[in-house]
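Visitor: below are the sequence and a predicted model for it; my questions follow.
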Amino acid sequence: MSLAKLPQFLGSVNPLLKIALSIALTACAFALKSVWANVLLVGVLLVLTFVSVRVEAKSVVGVGAFLLIFTALTGTLSGDWGYAGLGAARLLVLILPALLLPATTAPGDLVRAFQAVRLPPFLVLSLMLTWRFLPVIQQEAQRIIEANLLRGVDLARRPGLWFSGLFTPLIFRIVSYADDVTVGLETRGYDPESPRSTSQPLRWRPGDTLFALGAAALLIAVGGLEWTA
Amino acid sequence: MEKSMAQRWQLKDYVFAALMTVGLAVTAKVTQPFASAIPLPGATTIAWAPFAAIFLTLGMARLRRSGAVALMAGVLALILGIISWTISAFLVAALLAAELVGLVSGGFAGKTTRLLANMAFFAATCLSGWFIGVTFLRGTPVGDLAAQWLTQPWVLAPAALVSALAGAVGWWLGEQIVFQLQRAGKLDVAR
């Protein structure tokens, strides 16, 4: 799903708060049995998604088609269309926070959040490196795939060549990166056991209080609907 | 020279483990279309295992000591936990299984230990994925389907075995790369 970021309220909310709400919503998706409670959650999440993230029309069509097929298949197999609708709503409650959180949280904010919860410095280093190099290694993989295409080898259609054509050269590049990054960090005197300093430490803002109150109100409303059902 | 359990982790170890984590994430993305074609919860790791095991083997061969799998898969679990904590849960169960093998063998320096650790890791991903599917998704179509299948040991046992074998294939490929890297002077490992 292709999502483009918009300047938005959710982007400035404390990442720890968003992670906590995301976990709470996932738990709700598993626990709630009321259709209306799920519908309320889906409604709020959809509004947040469309307000915070620029969603392409083809992505909406794709997800809509998937949900229709999923619901039709479940309804046909189980013979219970209410159950099928509940399954589709639950799926959306699971999917939407998973889209919203990464799309509205910068990698730097996430690293600051992990530092704020006092994760060991070596773990923060590992997380930072993984976040930083994921796009770089993906680009390397793309370059290798394109180089194969130039030689007339379409790796997408020939998984048998993935090992020799993609993974072997990719691993050689990754190992070279590991050496270069280690030398770079060593020469800058980086110590993985020492705590990292930050120029912009994570702080609680008035917007976070507003977001926390809104989230609490939503969860209370959802709980009320589940209780009355 | 063998790395002892007491020896401190160095910066180069953390960097290498982090880049292997990136490799694990990239393989998950590359194999995702194949994994989504497998309809059984947990068994989807069969598509991921042959490629992910290459990076696990490489990391274990380079880092050698207990904690190597935890450092690679634990960071991946932490990152994927942002998307869904159920993914983190089955990754943590799998890394515990692999680390248990490492703990019993005194590290991952031996090829056989690496093979067993890979097999344990991917069999555990299959079983724990299944367990999570049944326990937490009960009441949803996927969870009910998983619950139905879980009562059938003739489905669960072969799925876990195939996952372990897929991990073994990845281990074999990983050892080939370890050999190539060692021959190229890019990796200092015990064989």
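Guide: That came in fine, so what should we check first?
Visitor: quick one: the most centrally placed residue in chain B from A:T130, how far?
Guide: Nearest residue to the geometric centre of chain B (CA atoms, centre = their mean): B:F121, 4.6 Å. Distance of B:F121 to A:T130, computed by CB to CB, to the nearest Å: 19 Å. To be clear about C-beta, it is placed using only N, CA and C from the backbone, and glycine gets the same treatment.
Visitor: in chain B, what residue is nearest chain A?
Guide: Residue nearest to chain A within chain B (CB to the nearest CB): B:A18, separated by 3.7 Å.
Visitor: what's the burial count for that residue?
Guide: Per other CB atoms under 10 Å in any protein chain shown, the neighbour tally for B:A18 reads 26.
Visitor: ok, now which ones touch it?
Guide: Residues near B:A18 by CB atoms under 8 Å, 6 or more residues apart in numbering or on different chains: A:L125, A:S126, A:L129, A:T130, A:F133, B:V75.
Visitor: how does it look with 6 Å?
Guide: A:S126, A:L129, A:T130 (CB atoms under 6 Å, 6 or more residues apart in numbering or on different chains).
Visitor: for chain A, which helix is longest?
Guide: Ranked by residue count under DSSP state H, the longest helix found in chain A is helix A:121-150.
Visitor: ok, the helix or strand just after that helix near chain B or not?
Guide: Next in sequence after helix A:121-150, counting helices and strands by DSSP states H and E, comes helix A:162. No: Helix A:162 stays clear of chain B (CB under 6 Å from any CB of the partner chain), getting no nearer than 7.1 Å.
Visitor: packing partners for helix A:162?
Guide: On a contact count with 3 or more CB pairs under 6 Å, 6 or more residues apart in numbering or on different chains; DSSP states H and E, helix A:162 meets no helix or strand.
Visitor: what mean pLDDT does that helix get?
Guide: Helix A:162 comes out with an average pLDDT of 86.
Visitor: any regions of chain B where pLDDT drops low?
Guide: Applying pLDDT under 70 to chain B flags residues B:1-7, B:33, B:35-43, B:82-83, B:133-147, B:149-151, B:189-191.
Visitor: returning to that earlier point: would you say the residue nearest to the centre of chain B is within a strand?
Guide: No: remark: B:F121 does not belong to a strand; assigned using DSSP: H, G, I helix; E, B strand; the rest coil, it is helix.
Visitor: not counting sequence-adjacent ones, nearest residue to it?
Guide: B:A98 (4.1 Å; CB to CB, 6 or more residues apart in numbering or on different chains).
Visitor: contact partners for that neighbour?
Guide: Taking CB under 6 Å, 6+ apart as the definition, contacts of B:A98 comprise B:V69, B:A117, B:A120, B:F121.
Visitor: redo that, cut-off 10 Å
Guide: By CB atoms under 10 Å, 6 or more residues apart in numbering or on different chains, B:A98 lies in contact with B:56, B:60, B:66, B:68-70, B:72-73, B:108, B:113-114, B:116-125, B:167.
Visitor: what's the helix or strand for it?
Guide: Using DSSP H and E, B:A98 falls within helix B:85-105.
Visitor: now do the buried residues in that helix.
Guide: By 16 or more other CB atoms under 10 Å in any protein chain shown, the buried positions in helix B:85-105 come out as B:85-102, B:105.
Visitor: in chain B, which spans are helices?
Guide: Taking DSSP H as the test, the helices found in chain B are B:11-30, B:32-35, B:45-63, B:68-80, B:85-105, B:111-136, B:141-150, B:153-183.
Visitor: ignoring the adjacent residues along the chain, who's closest to whichever residue of chain A sits closest to chain B?
Guide: Nearest residue of chain A to chain B, counting by CB to the nearest CB: A:L129, 3.7 Å away. Closest residue to A:L129 apart from its sequence neighbours, by CB to CB, 6+ apart: B:A18 at 3.7 Å.
Visitor: ok, now B:F55?
Guide: Using CB to CB, 6+ apart, the nearest residue to B:F55 is B:G23, at 3.8 Å.
Visitor: please report the distance of the one you found from A:A217.
Guide: Relative to A:A217, B:G23 is positioned 43 Å away (CB to CB).
Visitor: so these two - more neighbours on which side?
Guide: A count of neighbours by other CB under 10 Å puts B:G23 above the other of B:G23 and A:A217, at 26 against 10.
Visitor: surely B:A109 and B:R65 touch.
Guide: Yes: B:A109 lies in contact with B:R65 (CB atoms under 10 Å); the separation is 8.0 Å.
Visitor: next, count neighbours for residue 163.
Guide: I'll assume chain A. Using other CB under 10 Å, A:F163 has 17 other residues around it.
Visitor: not quite, go with chain B.
Guide: By other CB under 10 Å, 28 other residues sit near B:S163.
Visitor: test my guess that it contacts B:F122.
Guide: Yes: between B:S163 and B:F122 there is a contact at 4.4 Å, judged by CB under 10 Å.
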